[in-house]
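Asker: Only the shape, not the letters, is given here:
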């Protein structure tokens, strides 16, 4: 996790209230698509009347302006009013084909549910990690959403147990609560949590939601900027605005320290009635950390082990290195390789190169040039240009000069809105500002390879901060193993001391899985 820009403390706050769409889950895009399909079909079929504007729904402008963060029927009403279209209100039980405000709202809901069924629910990893940290520190948490599908979305995303209270569109209608920007739903959530608004924080990505938190006089209103609207969120009343919730730390939320894996039988016992799927980091996991990344070569023992592994189980290597670099270093064609923390994936009959990453290549090129200039007078600083990232290594930089490296990276990051700063062991990185990491790459691979069923047990082994995303993603679903000489906090389940212990575990798993062949 990056150095925090805000730390939440129980001295000031007792609870944190989250908006759902755009803060915790990535369903905002699904909602926007559903609204566009609804209104475009309605406008196309409508016979124009005097003064009416039947221009298609603009998914960028109209979504934020008229429907985002509002109850469904209110969203329909606001958009139609802007187009000078009048329809009767109708009743909440109107069928979806009835041309009333309620009928159109119900039609939008049917479209949305179908999209969710087809596409599933994506979550923001940093938001989920923040929820876990808050609950470990004793904060109470609630979710507030205008959606009547809130319960369904939470269940599908596996997040229902992370909230002590839920105030959604169903509850708001039952209690006759006004929607955002009125603060009623947030105030009801605070009441259910048993806290005063001044002792609770609100996290919102919508301008109407931020305004609701401000009007409710909550102790802290945090704007979550997913759409380059920092100034608008601040003007609406946000005390702080973040594009990435990983910048928020929680006092008293120390992660557990995983115990050492003293007996590999612990893993094979859990595999008794399951198939393993193995995911491996490279540097620090398959090879020791070295002064120069180009010197990180596999031992002969590890190389032989990795050559045997694919006949026993599916294997993927997920590295911060470029795809072709890590592929050449390992040299086992039967494996899947994910470079640049999962932005670039290649395997037998498998290929993924994130389009959003490709869009950021020009910014990365310009940022690399700017960084070279800033680092030129810092002895030992080494810039590594990867396809989807810029790595700045400072392992050989004098201790007193290390802060200058961090300042240089941050100064360049501020010039490019499409990039974000991450880090690892003695390295800073600039990457495309996309909600994608090793954890998401693991989940994608499990789905694409048909390994996301209950009969598969994923095992992820890694040593760095970037591997924590994968440990979090597999929490409760698989096994995370941290490679670290000394005990340290981690979301992993177990710890191995070094790469020799990793090789021993891999050999044990291979022998166990191939014993009956």
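Answerer: Looks like it came in fine. Fair warning: this is a prediction, and the values are worked out from it, not measured in the lab.

Asker: lowest-confidence helix or strand of this structure?
Answerer: Least confident helix or strand of the chain, by mean pLDDT, DSSP states H and E, is strand 419-424 with a mean of 79.

Asker: helices or strands next to it in the packing?
Answerer: Using 3 or more Cβ pairs under 8 Å, 6 or more residues apart in numbering; DSSP states H and E as the contact test, the elements touching strand 419-424 are helix 361-375, helix 402-413, strand 427-432. Heads up, the C-betas are built off the backbone N, CA and C, glycines and all.

Asker: what's the spacing between stretch 38-46 and its chain's center?
Answerer: Here stretch 38-46 is found 34 Å from its chain centre; the criterion is Cα atoms, centre = their mean, to the nearest Å.

Asker: I'd like the numbering to begin with 23 instead of 1 from here.
Answerer: Got it, first residue is 23 now, which makes that one stretch 60-68.

Asker: The stretch 273-422 of the chain: strands as residue ranges?
Answerer: For the stretch 273-422 of the chain, strands defined by DSSP state E, counting those that start in this stretch occupy the ranges 297-302, 337-340, 358-361, 366-369, 372-375, 404-407, 412-415.

Asker: Confirm for me that residue 49 is in contact with residue 143.
Answerer: Yes. If you go by Cβ atoms under 8 Å, residue 49 and residue 143 touch, sitting 6.3 Å apart.

Asker: Mind listing the shared neighbours of those two?
Answerer: residue 175 (Cβ atoms under 8 Å, 6 or more residues apart in numbering).

Asker: so how many other residues sit close to residue 176?
Answerer: Applying other Cβ atoms under 10 Å, we find 22 residues neighbouring residue 176.

Asker: residues contacting it?
Answerer: Residues in contact with residue 176, defined by Cβ under 8 Å, 6+ apart, are 42, 165, 182, 185, 188.

Asker: Now do the buried residues in the helix or strand harbouring it.
Answerer: Per DSSP states H and E, residue 176 falls inside helix 172-179. The neighbour-count check on helix 172-179 (16 or more other Cβ atoms under 10 Å) flags 172-173, 175-176, 178-179 as buried.

Asker: Closest one to residue 374 out of these, please.
Answerer: residue 179 (21.9 Å; Cβ to Cβ).

Asker: For residue 517, see how far away the spatially closest residue to the closest one that is not a sequence neighbour is.
Answerer: Closest residue to residue 179 apart from its sequence neighbours, by Cβ to Cβ, 6 or more residues apart in numbering: residue 143 at 4.3 Å. For residue 143, the distance to residue 517 equals 32 Å [Cβ to Cβ, to the nearest Å].

Asker: ok, those two, which is more surrounded?
Answerer: It is residue 517, of residue 143 and residue 517, that has more neighbours when counted by other Cβ under 10 Å, with 23 against 19.

Asker: per-residue pLDDT, residue 26?
Answerer: With respect to pLDDT, residue 26 scores 52.

Asker: Residue 527 now?
Answerer: Turning to residue 527, the model gives it a pLDDT of 96.

Asker: Pull the number of nearby residues for the residue nearest to it when sequence neighbours are not counted.
Answerer: Distances taken as Cβ to Cβ, 6+ apart place residue 286 nearest to residue 527, at 5.1 Å, with adjacent residues excluded. Residue 286 is flanked by 19 other residues according to other Cβ under 10 Å.

Asker: same deal with residue 328?
Answerer: 22.

Asker: Pull up the gap between the closest residue to it other than its chain neighbours and residue 193, please.
Answerer: Of all residues not flanking residue 328 in the chain, residue 354 sits nearest, at 5.5 Å (Cβ to Cβ, 6+ apart). Using Cβ to Cβ, residue 354 is found at 54 Å from residue 193.

Asker: Compare neighbour counts for these two and give me the winner.
Answerer: Neighbours were counted for residue 354 and for residue 193 using other Cβ under 10 Å; residue 193 has more, 20 against 15.

Asker: Of the helices and strands packed on strand 441-446, which is nearest residue 527?
Answerer: Residue 527 sits nearest to strand 449-454 of all these, at 25.9 Å, using Cβ to Cβ.

Asker: tell me the angle that closest one makes with helix 424-435.
Answerer: Angle, strand 449-454 to helix 424-435, by axes from the mean of the first three to the mean of the last three Cα atoms, to 10 degrees: 10 degrees.

Asker: so how far is stretch 226-243 from its chain's centroid?
Answerer: Computed by Cα atoms, centre = their mean, the separation of stretch 226-243 from the middle of its chain amounts to 23 Å.

Asker: Next, the buried residues of that stretch.
Answerer: For stretch 226-243, a neighbour-count test (16+ other Cβ under 10 Å) marks 226-238, 240-243 as buried.

Asker: Over to stretch 200-213?
Answerer: Buried residues in stretch 200-213, defined by neighbour count with 16+ other Cβ under 10 Å: 201-203, 205-212.

Asker: Ok, stretch 246-258 next?
Answerer: By 16+ other Cβ under 10 Å, the buried positions in stretch 246-258 come out as 246-249, 251, 254-255, 258.

Asker: looking only at pLDDT, what's the mean for it?
Answerer: Averaging pLDDT along stretch 246-258 gives 91.

Asker: So the residue nearest to residue 179: helix, strand or coil?
Answerer: Under the three-state scheme (DSSP: H, G, I helix; E, B strand; the rest coil), residue 143 adopts coil.
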